[in-house]
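Colleague: give the three-dimensional model of this entry:
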Amino acid sequence: MTVDVAPASDPVTRSALRKASWRLLPLIGLGYATAYMDRVNISFASLQMNRDLHFSNTVYGFGAGLFFLSYAACEIPSNLLLYRFGARRWLARIMVTWGLIAMAMVFVRTPLQFYAARFFLGMAEAGFFPGVVFYLMQWFPPEQRGRAVSRFYIGFPLSSVFMGLVAGALLNLQGHLGLAGWQWLFIVEGLPAVILGILFFLLLPETPAQAKWLTPEERDAIMTRVPAPKDPSTHALAPAFKDSRVWLLGLFIFFTLASGYAYSFSAPAIVQKVTGLPITNVGYLIAAMSLVGAVAMLISAAIADRRRRPFSHVIPACIVIAAAFVVFGLATNPVVSLTSLLVIVVSNYSYQGPLWSIGSSFLAGRRGAAAVAAMNSIGILGGFLGPYWMGFARDLTGDYQHGLLAMAVPMLLAAGIMIYLSTRSRPA
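Modeller: From the prediction side, this is the model:
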């Protein structure tokens, strides 16, 4: 797919976009890092929590995945409420709410309480990611969006780096002040979302027109290249749901998230099983793998934006991930197994920026909000399937290899969808 927009070559536009990058993306990146951390930190907590609370792998996998059912159900309403109330207020509300619920995980004692906590956490976080993508669509022209998304999405791998570095220390607080290590993990890793939610409310400008740190010429430059969405009537939502590309990308995200979360919600246990390392060293190893993935993400997004051919980055990555799942599923050598996991992690991070530059180019205005939310709502259901499948497969077979081997199939289906879309996709 090509984008028929001239590069931002004039000095005023370059200055405006540079300021927007520095003022918005680090804060949003921290917000997304916190979101992913509070979503997935049960993967580390489970190493103690499942033992203390006598949770089976199936109970854990179902609870881990339940987050995504409520997330999917509330995604579109949340994103449309963001359009109504404004990104600053709504994103701040989302973050404070999910932070408090994430910290409340310390009170979980039974499977039902675990399910309820994960369900309400997904409801609270719903709309954050597509809301941020829609927000950035108002600041960055199409040829800049892949890089912009990757620069805030860098919080995705960096959250894994942070979790890997601190998880061991937090779990080692076992018994301190009468709390288990996994309870300390939820408290310490839930608090940043509340703090960042307040900072979002105080620091994020609602639109480029309200950014006091832009000169009048810079504000005009951004609004000329990326016109602010007008308030359309309700029927303007219809094109988002009628566009087959929205549904195909949603299905693509479903397959890739099923595979990705099948691994990530079991990653500490898998790596510990492969290496035999103590949990602190497992955390460091996962952090190192995620750091390599973060570098790959930035490089891939920059190249994709320059070449304006995002499909050529997404399709090969999916095929490589599928092959790595097969290798891990059949491997008997720990070095081969660990290498295949590294390939899965790095390849998964590398296509994220190009993927969302494809999705965010389809529609504008409220239709754009609905399109991004619809894609994410369809796709996020894969987040329920992946962890639940891994828990079930682990209880059934006694290992993780069979579960991950099966994940090659959805990744190949995802590659097929992208190949098809690449032959017919055009900007709307």
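
Colleague: quickly find the element holding R18.
Modeller: When elements are assigned from DSSP states H and E, R18 belongs to helix 11-40.

Colleague: likewise for C74?
Modeller: Here C74 is assigned to helix 57-85, by DSSP H and E.

Colleague: what's the angle between that helix and helix 11-40?
Modeller: Helix 57-85 and helix 11-40 are oriented at 150 degrees to each other (axes from the mean of the first three to the mean of the last three Cα atoms, to 10 degrees).

Colleague: one step back: mind giving me the packing neighbours of the helix holding R18?
Modeller: Contact here means 3 or more Cβ pairs under 8 Å, 6 or more residues apart in numbering; DSSP states H and E; on that basis helix 11-40 packs against helix 87-103, helix 111-125, helix 128-137, helix 142-153, helix 155-171, helix 181-203, helix 216-225. The C-beta positions use only the backbone N, C-alpha and C, and glycine is treated the same way.

Colleague: and it, what's its mean pLDDT?
Modeller: Averaged over helix 11-40, pLDDT sits at 89.

Colleague: and that helix, what's buried?
Modeller: 12-13, 15-17, 19-21, 23-25, 28-40 (16 or more other Cβ atoms under 10 Å).

Colleague: by mean pLDDT, flag the weakest helix or strand of the chain.
Modeller: helix 238-242 (a mean of 67; mean pLDDT, DSSP states H and E).

Colleague: any idea how far the helix or strand sitting right after that helix along the chain is from the chain center?
Modeller: Counting by DSSP H and E, the next helix or strand C-terminal to helix 238-242 is helix 244-264. From the chain centre to the centre of helix 244-264 is a distance of 12 Å (Cα atoms, centre = their mean, to the nearest Å).

Colleague: only alpha carbons, please: show helix 244-264 as CSV.
Modeller: The C-alpha coordinates for helix 244-264 follow below in CSV (Å, rounded to 0.1, in the frame of the first residue of the first chain):
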residue,chain,number,x,y,z
SER,A,244,-14.5,-5.4,4.6
ARG,A,245,-10.9,-4.3,5.4
VAL,A,246,-11.9,-3.5,8.9
TRP,A,247,-13.2,-7.0,9.5
LEU,A,248,-10.3,-8.6,7.8
LEU,A,249,-7.8,-6.7,9.9
GLY,A,250,-9.9,-7.5,13.0
LEU,A,251,-9.6,-11.2,12.1
PHE,A,252,-5.8,-10.8,11.5
ILE,A,253,-5.5,-9.2,15.0
PHE,A,254,-7.5,-12.1,16.4
PHE,A,255,-5.2,-14.7,15.1
THR,A,256,-2.0,-12.8,16.1
LEU,A,257,-3.2,-12.0,19.6
ALA,A,258,-4.3,-15.5,20.2
SER,A,259,-0.7,-16.7,19.4
GLY,A,260,1.0,-13.8,21.1
TYR,A,261,-0.9,-14.0,24.4
ALA,A,262,-0.7,-17.8,24.4
TYR,A,263,3.0,-17.2,24.8
SER,A,264,3.2,-14.0,26.9
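
Colleague: tell me the angle that helix makes with helix 57-85.
Modeller: Using the same axes, to 10 degrees: helix 244-264 against helix 57-85 is 140 degrees.

Colleague: before we move on, the earlier item: so how far is the helix holding C74 off the chain centroid?
Modeller: Distance, stretch centre to chain centre, for helix 57-85: 13 Å (Cα atoms, centre = their mean).

Colleague: now it against helix 128-137, angle please.
Modeller: 30 degrees.

Colleague: tell me which residues of helix 57-85 are tucked away?
Modeller: Quick answer for helix 57-85 (16+ other Cβ under 10 Å): 57-76, 78-83.

Colleague: helices or strands up against that helix?
Modeller: Applying 3+ Cβ pairs under 8 Å, 6+ apart, we find helix 57-85 packed against helix 42-53, helix 87-103, helix 111-125, helix 128-137, helix 244-264, helix 365-380, helix 382-397.

Colleague: switch to 10 Å and redo it
Modeller: helix 11-40, helix 42-53, helix 87-103, helix 111-125, helix 128-137, helix 244-264, helix 365-380, helix 382-397 (3 or more Cβ pairs under 10 Å, 6 or more residues apart in numbering; DSSP states H and E).
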